[in-house]
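Undergrad: One predicted model, sequence on top.
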Amino acid sequence: MKDEDIASHVSALASRLEGLKSQLSAPDIYSRPAEIKKLSRESQRIEAILRLDSRIKSAIRTLSENRGLLKEDDPEIRAMAQKEIEAAEAEIPDLREQIMLALLPQDEKDSKDVIVEIRPAAGGDEAGLFASEIFRAFRNYSERKGWKLETLDLSSGARGGIKEAIFSISGDNVFSRMKFESGVHRVQRVPETETSGRIHTSTITVAVMPEAEEVDIELKPSDLKFDVFRSSGPGGQSVNTTDSAVRATHIPTGLSVACQIEKSQHRNKETAIRILRSRLLSMKQEEEQTKMSEAKRSQIGTGERSEKIRTYNFPQSRITDHRFNLSVFKIEEVMEGNFDLLHEPIIQEERKRRLAEAISRHQN
């Protein structure tokens, strides 16, 4: 990306910021909190870019002024100017990289809340236990980030494990980080029931979907079918004397969601629709992605559940993210909810890859 391209982008953003400020000062804006949140987030991003641009311009001025001072007779002035020049020359490339990264197109889904589904895959009871531990880790991570986690559906398994957990996470830019959790998670460790000390390998699937709003996916009443039944506990035993559980089916696609966590049939119906809408949005996005050429696909993978994205090796206290060739030797901290140990380097690597792609496109 050339300097004139950066200058053009920054100029356009400065004009955009004025328009945003005008919108945010409109008298009726307070009746639309969702719009305030969206406009404020965009304003903050643009202001951060403009601050970077200001720092670059300041460093360039410093460079120019001090080069002029190199002609002075006083050796102390020349030495001071040389130090300022070296500092500016070191700072400018870093600032340019930062502003180019900030100017990269934003994924419109990054600001969305998410619905997450966790299920055991291979490994029997051990997979169910690990699914339960990952669910707990995500709950702790949400607390660390100031996000709100709401359990939408939960099925218990054997020995304290789970058969399925479906939950939502809401907060600032949740999808921008949680999207890196979508895929197959593999665990290698010695199960508590293993007497010979042999290491077992188990897997779970994690699906992270941006939570769909009505504007994203329209659900026509004629396309929906609802069935009600009694909710059941472990082993199929009845835990409710009324038909409060609800199964929602999207007739055109055959997608079906059952929800029984609430005692209210109405609440279970709302939750089932909420999950169904997000699954349909995820399906739509995957279909759009498959239409893209292989060359244009994201280098971090599609996030499909069939992908093995990460391995948790407990004997070595190592977590390896296979998409980014990244290893972290702090498995206990991550399992306590400190996913930033993984997400921060992942985000930096993803940005570098996107920047390299952007530069390559401009050069071609």
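TA: Arrived safely, thanks for sending. Worth saying up front: this structure is predicted, and the values here are computed from it rather than measured. Residues are numbered from 1 along each chain as shown.
Undergrad: switch to C-alpha atoms for all contacts and neighbour counts from now on
TA: Fine.
Undergrad: Now do Ala127, the pLDDT please.
TA: Ala127 carries a pLDDT value of 91.
Undergrad: That one: helix or strand, and which one exactly?
TA: Here Ala127, judged by DSSP states H and E, is contained in helix 125-145.
Undergrad: any idea how far the helix or strand following that helix is from the chain center?
TA: Downstream of helix 125-145, the first helix or strand assigned by DSSP H and E is strand 148-156. Remark: strand 148-156 is offset 19 Å from the chain centroid, using CA atoms, centre = their mean, to the nearest Å.
Undergrad: Also stretch 254-264?
TA: Using CA atoms, centre = their mean, the offset of stretch 254-264 from its chain centre is 25 Å.
Undergrad: And for the helix holding Ala127, what's in contact with it?
TA: 118-121, 148-149, 157-163, 165, 169, 187, 191, 202-204, 334-339 (CA atoms under 8 Å, 6 or more residues apart in numbering).
Undergrad: Then stretch 322-332?
TA: Contacts with stretch 322-332, where a contact means CA under 8 Å, 6+ apart, come from 300-301, 308-312, 314, 316-321, 341-342, 346, 349.
Undergrad: same deal with stretch 56-72?
TA: Residues from elsewhere that reach stretch 56-72, judged by CA under 8 Å, 6+ apart: 77-78, 81-82, 84-85, 88-89, 91-92, 95-96.
Undergrad: picking that back up, which among the contacts of stretch 322-332 count as buried?
TA: Using 16 or more other CA atoms under 10 Å as the burial test, the contacts of stretch 322-332 include 308-312, 314, 318-321, 342, 346 as buried.
Undergrad: Which of the contacts of stretch 322-332 fall in strands?
TA: Taking DSSP state E as the definition of strands, these contribute 308-312, 318-321.
Undergrad: nearest to Glu4, of these?
TA: Asp321 (37.5 Å; CA to CA).
Undergrad: tell me the pLDDT at that closest one?
TA: Note on Asp321: pLDDT of 94.
Undergrad: likewise Arg305?
TA: So, for Arg305, pLDDT stands at 39.
Undergrad: Next: Thr193.
TA: Listed pLDDT for Thr193 reads 69.
Undergrad: Domains in this structure, by residue range?
TA: 3-103, 110-290 (automatic domain parsing).
Undergrad: Tell me how far Gln285 lies from Asp5.
TA: Noted for Gln285: a distance of 31 Å to Asp5, by CA to CA, to the nearest Å.
Undergrad: what secondary structure does the residue in the chain sticking out farthest from the centre sit in?
TA: Residue farthest from the centre of the chain, counting by CA atoms, centre = their mean, is Asp73 at 57.2 Å. Under DSSP: H, G, I helix; E, B strand; the rest coil, Asp73 falls in the coil class.
Undergrad: Secondary structure element for the nearest residue to Lys21 once chain neighbours are set aside, which one?
TA: Spatially, and ignoring its direct neighbours in sequence, Lys21 is nearest to Ser43 (7.8 Å; CA to CA, 6 or more residues apart in numbering). In the assignment (DSSP H and E), Ser43 maps to helix 33-69.
Undergrad: in the helix or strand just after that helix, what's buried?
TA: Per DSSP H and E, helix 33-69 leads on to helix 75-103 as the next helix or strand towards the C-terminus. Residues of helix 75-103 classed as buried: 78, 81-82, 84-85, 88, 92, 95-96, 99-103 (neighbour count, 16+ other CA under 10 Å).
Undergrad: can you list contacts of the very next helix or strand once past helix 75-103?
TA: The helix or strand immediately downstream of helix 75-103 is strand 114-120, counting by DSSP H and E. Outside strand 114-120, the residues within contact range by CA under 8 Å, 6+ apart are 127-128, 130-131, 135, 162-170, 174-175, 178, 203-211, 275, 278.
Undergrad: and if we set it to 7 Å?
TA: If you take CA atoms under 7 Å, 6 or more residues apart in numbering as the criterion, strand 114-120 is touched by 127-128, 131, 163-170, 174-175, 203-211.
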